[in-house]
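>>> prediction below, plus the sequence it came from.
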Amino acid sequence: MKFKVNWSEKRQRHILDRMLLRGISRKEFYDALIRGKKRKQKKDVYESIYSYYSIVYEEFILKAEKIRKIYPITVKLVS
């Protein structure tokens, strides 16, 4: 199943600011989505923990198109 990240303007500004402050590139963001340990926070809200950071995102599955649609919420450091 493929995944697509929604980098809408409002969400993009917040998440990119957080990524810049924490030294995380877009490639590392995608690595965390693919390889990170997933933890469910609420309904449709997940946290993917990878290396020294974690990504919080909403996920919707479109079964007809076989796509996981990702809406990033924030990036935080893991201690």
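Noted; the coordinates are in hand.
>>> tell me where the protein has helices.
9-22, 26-35 (DSSP state H).
>>> and the lowest-mean-pLDDT helix or strand in the chain with helix 26-35, angle?
Taking mean pLDDT, DSSP states H and E as the measure, the helices and strands of the chain show their lowest mean at helix 9-22, namely a mean of 82. Here helix 9-22 runs at an angle of 100 degrees relative to helix 26-35 (axes from the mean of the first three to the mean of the last three CA atoms, to 10 degrees).
>>> which helices and strands does helix 9-22 pack with?
strand 67-77 (3 or more CB pairs under 8 Å, 6 or more residues apart in numbering; DSSP states H and E). C-beta: built from backbone N, CA, C; applies to glycine.
>>> so which of the helices of the chain is the most surrounded?
Neighbour counts (mean count of other CB atoms under 10 Å) averaged over each of those peak at helix 26-35, with a mean of 15.
>>> for residue 62, which non-adjacent residue is spatially closest?
residue 69 (6.2 Å; CB to CB, 6 or more residues apart in numbering).
>>> any idea how far residue 79 is from the closest residue to residue 44 other than its chain neighbours?
Distances taken as CB to CB, 6+ apart put residue 58 closest to residue 44, at 5.3 Å, once the chain neighbours are dropped. From residue 58 across to residue 79, the span is 24 Å (CB to CB, to the nearest Å).
>>> got it, and residue 2?
Note on residue 2: its distance to residue 79, by CB to CB, is 33 Å.
>>> swap in residue 11?
Residue 11 sits 25 Å away from residue 79, going by CB to CB.
>>> okay, residue 41: pLDDT?
What the model reports as pLDDT for residue 41 is 93.
>>> and what of residue 79?
pLDDT for residue 79: 76.
>>> could you report the neighbour count for it?
Neighbourhood size, residue 79 [other CB atoms under 10 Å]: 4.
>>> contacting residues for the nearest residue to residue 14 once chain neighbours are set aside?
Closest residue to residue 14 apart from its sequence neighbours, by CB to CB, 6+ apart: residue 74 at 6.9 Å. Counting by CB atoms under 8 Å, 6 or more residues apart in numbering, residue 74 touches 14-15, 18, 55-56.
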